[in-house]
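S.K.: build the 3D model from these lines:
(one chain, ligands or ions: 1)
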Amino acid sequence: MSSPFPFSTSNSPAVIQHKRSQILEALIKADPRFGAIPVRSVKYSTLQLMLQYYDAVFLGGILGQRYHSIKVTASSRLLSAAGKFIHPKMLTAYPDAEIRMSSDFLFRMKEGPFELNGLTVPTPQEAFLVVFEHELCHAVEFAYYGATGHSSRFMYFAHGVFGHTKHTHELPTIAAETTQKTGISVGSHVSFPYEGQTLSGIVSYLGKSARVMVASPRGNYYMNNDHSKTYLKYQVPVSLLTRIP
Ligand SMILES: [Zn+2]
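M.R.: Numbers count the residues shown, from 1 in each chain. Okay, here's the model as predicted:
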C-alpha cells in the first residue's frame, strides 16, 4: 500500500528496528557519554541531531520543510511525562515548536527491558528514542492537520512509521521505583524521625518525597472520607521512612 505522505507509513518491524539502531549508533558516536548506562548527560547538539536523523531517515524531511524550527530540549522538571510536544495554538506557515524530553526519565532508567508505546526495548537510550518517536508523531500530525491528540489518526502515524501499538507509556515512575527499592507504596504504614521523636502514619502520596498522614487529635485532614479520625500531614524524604510491617 502506498503512503499518501512523502514517507512510508507501512514500515516493517525489522526495518524500524534497523533504522532506530542506526540512528542510536550515530548519536552515541557523536556524544559517547550519551551511550553510558545509566545515562548521566546528553548534549543539546545531540538532541538536535536526533531530530535531524529522524526527519531524514523516517519522515522524508517533512519536519524541516514544514516547520521554521523544532527545538529539542531536555528538562529535569518534566516529571509528569517522558516527553512533550509543544506547539503553537494554531497552525501557521512554518511554525516554531518544541519537543521537550524529560531528562529525569532518561537519567533514572537503569536496567531494561523497558515497555513503552507497546514496544519492549533493552536499553535506556532506545526507550528515550521511542518516547521521542511518539512526540515526532505529534509534530507530524500537527503539521498536516493543525491539531494533534491520541486518536486513530495519530496511531496511523505512530504504528505505520514507528511500529507503536499503544500510546500509554508504562514508564518506571518515581513511585514505582521507590516501591521496588523499599517495599513502601501508597497505603503503607511507616515511621520516620521528626523533631527528636518517631512518628508513624500512612503514606498517601509517593513522589520525590512522601506524604505521610499521622493520626492526631490536632489534625485537620481526614482519610478516605472517614470522619472519626483526624490527621496531620507531613512531607518526608523517602530515605527517612521505615516500613512498619
Ligand atoms: Zn502523546
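S.K.: hang on, isn't residue 61 packed against residue 55?
M.R.: Yes: counting by C-beta atoms under 8 Å, residue 61 does reach residue 55; the two are 5.6 Å apart. (C-beta placed from N, C-alpha, C; glycine too.)
S.K.: and these two? Which one has more around it.
M.R.: residue 55 (21 against 13; other C-beta atoms under 10 Å).
S.K.: and that one, what does it touch?
M.R.: 61, 62, 63, 64 (C-beta atoms under 8 Å, 6 or more residues apart in numbering).
S.K.: enumerate every residue touching the last one.
M.R.: The one in question is residue 64. Neighbouring residues of residue 64 by C-beta under 8 Å, 6+ apart: 52, 55.
S.K.: how far out from the middle of the chain is the helix or strand harbouring it?
M.R.: Using DSSP states H and E, the secondary-structure element containing residue 64 is helix 62-66. Computed by C-alpha atoms, centre = their mean, to the nearest Å, the separation of helix 62-66 from the middle of its chain amounts to 25 Å.
S.K.: which SSE is immediately downstream of that helix?
M.R.: As the chain continues past helix 62-66, the following element, by DSSP H and E, is strand 69-75.
S.K.: list the buried residues of that next one.
M.R.: Residues of strand 69-75 classed as buried: 70, 72, 74 (neighbour count, 16 or more other C-beta atoms under 10 Å).
S.K.: mind listing what that strand pairs with, with the direction of each?
M.R.: When pairs are called by DSSP bridges, strand 69-75 turns out to pair with strand 96-102 (parallel).
S.K.: which helices and strands does the helix or strand just after the strand it pairs with pack with?
M.R.: Helices and strands here follow DSSP H and E; after strand 96-102, the next one along the chain is helix 103-108. Using 3 or more C-beta pairs under 8 Å, 6 or more residues apart in numbering; DSSP states H and E as the contact criterion, the neighbours of helix 103-108 among helices and strands are strand 69-75, helix 124-145.
S.K.: got the CA coordinates for the longest one in PDB?
M.R.: Presented in PDB, the C-alpha positions along helix 124-145 are these (Å, rounded to 0.1, in the frame of the first residue of the first chain):
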ATOM      1  CA  PRO A 124      17.500   3.400  28.300                       C
ATOM      2  CA  GLN A 125      18.700   5.000  25.100                       C
ATOM      3  CA  GLU A 126      16.200   3.100  23.000                       C
ATOM      4  CA  ALA A 127      13.500   3.900  25.400                       C
ATOM      5  CA  PHE A 128      14.400   7.500  25.100                       C
ATOM      6  CA  LEU A 129      14.200   7.300  21.300                       C
ATOM      7  CA  VAL A 130      10.800   5.500  21.400                       C
ATOM      8  CA  VAL A 131       9.500   8.400  23.600                       C
ATOM      9  CA  PHE A 132      10.900  10.800  21.100                       C
ATOM     10  CA  GLU A 133       9.200   9.000  18.200                       C
ATOM     11  CA  HIS A 134       5.900   9.400  20.000                       C
ATOM     12  CA  GLU A 135       6.500  13.200  20.200                       C
ATOM     13  CA  LEU A 136       7.500  13.200  16.500                       C
ATOM     14  CA  CYS A 137       4.100  11.700  15.600                       C
ATOM     15  CA  HIS A 138       2.500  14.700  17.300                       C
ATOM     16  CA  ALA A 139       4.700  17.000  15.300                       C
ATOM     17  CA  VAL A 140       3.800  15.200  12.000                       C
ATOM     18  CA  GLU A 141       0.100  15.200  12.800                       C
ATOM     19  CA  PHE A 142       0.100  18.900  13.800                       C
ATOM     20  CA  ALA A 143       2.000  19.800  10.600                       C
ATOM     21  CA  TYR A 144      -0.700  18.200   8.400                       C
ATOM     22  CA  TYR A 145      -3.900  18.900  10.400                       C
END
